[in-house]
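Novice: task: produce atomic coordinates for the following.
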Amino acid sequence: MAGNLTFSMIKPYAVQQNYIGAILHIINEHGFKIKSMRMLKLHKADAENFYKIHQEKPFFNGLVEFMSSGPIVALILEKENAVEDFRKIIGNTNPEVAEQGTIRKIFGKSIEKNAVHGSDSDENALIEANFFFSARERY
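Specialist: Residues are numbered from 1 along each chain as shown. Reported below is the predicted structural model:
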């Protein structure tokens, strides 16, 4: 059974381009409720820890550098079937091939600067949410 929470981050490029409000608007339009939200700058060690699943991949160092290059907005979102529905509205990692109307198509610049992160499973949504938010920061 699908869960009702997912985790997302608005990445540094999208924050720098002032896309936060527009991205949040799309999220709300698709029926997601924001349960927790915070803006912060990841330290390099935090980015390495968050993305450790990719540490052996060739893009890891660039990803860590990018994700620690400026502020991000971390979000816990609620909706029935949250992970799957959110993956649909964010689109393909590569904005060039993402479907029209998806967040990454509209606001992404490249595979590396694809505007947002979205959890890929209910299990990872919980892990990722716990990385950024304590129990008392959730509503």
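
Novice: and the nearest residue to Gln16 once chain neighbours are set aside, what is it in contact with?
Specialist: In space, and not counting its chain neighbours, Gln16 is closest to Gly70: 5.6 Å by Cβ to Cβ, 6 or more residues apart in numbering. C-betas here are computed from N, CA, C, even on glycine. For Gly70, the contact set (Cβ atoms under 8 Å, 6 or more residues apart in numbering) comprises 12, 15-16, 41.

Novice: what's Gly70 sitting at in phi/psi?
Specialist: The phi and psi values for Gly70, taken as degrees, to the nearest 10, are phi -170, psi 180.

Novice: quick one: what helix or strand has Leu77 in it?
Specialist: strand 71-78 (DSSP states H and E).

Novice: list the buried residues for that strand?
Specialist: Neighbour-count burial for strand 71-78, with 16 or more other Cβ atoms under 10 Å as criterion, is recorded at 72-78.

Novice: what mean pLDDT does that strand have?
Specialist: Averaging pLDDT along strand 71-78 gives 98.

Novice: contacts for that strand?
Specialist: Against strand 71-78 from outside (Cβ under 8 Å, 6+ apart): 4-12, 15, 20, 27, 32-42, 86, 129, 132-133, 138.

Novice: now the helices for this protein?
Specialist: 12-16, 20-29, 44-50, 60-67, 82-90, 103-107, 122-132 (DSSP state H).

Novice: low-confidence ranges, the protein, go.
Specialist: Applying pLDDT under 70 to the chain flags the ranges 1-2.
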